[in-house]
Structures are given as C-alpha cells and as structure tokens.
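*Asks:* Structure for this input, please:
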Amino acid sequence: MRKREIKAIVESTADPAFAVNGMHNIEFWNSAAESFFGLQSDKAVGRSCSTIIAGYDECGKFCSHDCPILEATADQRTVRNFDLRLNTDQGKRWCNISILAVYEENAVSPYTIHIVRPVDLRKRMEVLLRDFVVNETSLPAEQAKQLTSTKRAPTSETRLSERECEVLRHLARGTTTIDIAKQLFISRTTVNNHVQHVLKKLNARTRLEAIRRAENAGLI
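*Replies:* Predicted structure coming up:
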C-alpha cells in the first residue's frame, strides 16, 4: 500500500482517526481528529503518538513510547479495540479505539491507523458495576476478579512471560520479595529484576499499579 492510500483511509472516516508510523510518530491526522482533539494536523503530525494522545486507563497514565499496542502490530498480532481516557476539545473523555495495521510498500513496520469513538456513558456504567461487584457483594475474590476484568483494557495486549505472571500473582497475594524468592527457588535479585520488567511492560510506577492494571486486563 502506498502512503497516499493510507492517508486516504484516514481521511475517509467521519470518526477522529490518525495513523502512526513505525517510529511511533503520527503521520496522518484527519479533520475529525482536529475537531475532536482541538489540535490542527500541523501540530500533531511528526510528533510522538504517546505525547499527543497521552491516554489514561483506569489505573493511570498508559501511553508511553513502550506502547504494547504498537508492539503487537509490529509482531503482526491482531489487536482488539480498547478504552482510554483522552484529552479532547471538550475535556477528558473515555473513548474506544480500534486499530487497523497496514503496510506501506517495502516497509518493515506497519502503520497503525487509530479510529476513535467516544464511549463516556458506557464506560461510566461499567466502572459503577465493577465497583458494586467488588464492594457490595460477597463473591470470592477470584470470581469477582474474573467478572470485573475487561478485554477492552489496552494492557491486555501486553506480553508477560510465564515467570513474570507467576511473580505478579505472588505480589497480588501480598507475598514479600523474600518469600517469592524462596517459593520459586530464585534469588531476591532475580525477583526484583522480574518486577522491574513487569513495571516497564505495564507502564506502572508501583507494584500496586502493576497488579491493578494486570487484574483489570485479565492478565493474572
């Protein structure tokens, strides 16, 4: 596919849409995106997607240069639609984002076309239901976790190793670093290395944030 054809796809939709290249920079930004985000294309094109979009999930800031969505498309994996809270011309709004990966001729990495649709009401109802299940019912913790996880979390595209998931599940149960090392027959240094890898992959600042993000996405 040629660049002009990718641009035509972005411009053909009435929904806010933009295309990100293999360097994670925005290359095409349609007129609906200009209106929705309150940002003209000349201010968006050429800049990092994570800087312009700066999306948040339910656990905090999600967008970064280490984007699991862009990594998934680079690995030729199909990406499900996901929800993020974005800064728009009308303030912060929950949006659902669909991804279409397309290849320019002779390119190594695909362009990722992002199509954005507001979902404020649906998301608020979802969060209220989740809070009710967690706080107002007597369901076992494991069952409540399964009911409240969502496949529309962008974190669901993150790839954690089997060992990283194992360490994260121990952390979610409140197990200390020393006890994790003993139970898994590895050193404390190795445990901490796994934790640091998990924090980076989940774009989390703390262990608690990583646990919440992984649970919400159904990774653990």
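
*Asks:* Could you list the low-confidence segments of this structure?
*Replies:* Residue ranges of the chain with pLDDT under 70: 124, 127-151.

*Asks:* center of it - which residue?
*Replies:* Residue closest to the mean C-alpha point of the chain, counted by C-alpha atoms, centre = their mean, is P154 at 2.7 Å.

*Asks:* how about the helices in the chain?
*Replies:* Taking DSSP state H, the helices of the chain run over residues 3-12, 31-37, 41-44, 49-53, 68-74, 120-136, 141-148, 162-172, 177-184, 188-201, 207-216.

*Asks:* Could you dump these into a markdown table with mean neighbour count and distance to R80 added?
*Replies:* Heads up, the C-betas are built off the backbone N, CA and C, glycines and all. As requested, the helices of the chain are arranged in a markdown table below (neighbours: other C-beta atoms under 10 Å; distance: least, C-beta to C-beta, whole Å):
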| stretch | mean neighbour count | distance to R80 |
| --- | --- | --- |
| helix 3-12 | 15 | 20 |
| helix 31-37 | 19 | 21 |
| helix 41-44 | 15 | 25 |
| helix 49-53 | 21 | 18 |
| helix 68-74 | 21 | 10 |
| helix 120-136 | 13 | 16 |
| helix 141-148 | 13 | 18 |
| helix 162-172 | 18 | 19 |
| helix 177-184 | 15 | 31 |
| helix 188-201 | 16 | 18 |
| helix 207-216 | 21 | 14 |
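
*Asks:* Of the ones you listed, which is nearest T112?
*Replies:* Shortest separation from T112 across the helices of the chain is recorded for helix 68-74, at 4.9 Å, computed as C-beta to C-beta.

*Asks:* Output the contacting helices and strands for the closest one.
*Replies:* Where contact means 3 or more C-beta pairs under 8 Å, 6 or more residues apart in numbering; DSSP states H and E, helix 68-74 is packed against strand 91-102, strand 111-118.

*Asks:* Neighbouring strands - and their directions - for the longest one?
*Replies:* So that's strand 91-102. Counting by DSSP bridges, the strands paired with strand 91-102 are strand 82-88 (antiparallel), strand 111-118 (antiparallel).

*Asks:* Tell me which of those strands lies nearest to K182.
*Replies:* The stretch from those with the least distance to K182 (C-beta to C-beta) is strand 82-88; that distance is 37.1 Å.

*Asks:* got a list of what G46 touches?
*Replies:* Counting by C-beta atoms under 8 Å, 6 or more residues apart in numbering, G46 touches 25-27.

*Asks:* now E157
*Replies:* Residues in contact with E157 (C-beta under 8 Å, 6+ apart) are 68-69, 71-72, 77, 79-80, 82.

*Asks:* so how many other residues sit close to F18?
*Replies:* Neighbours of F18 under the rule other C-beta atoms under 10 Å: 25.
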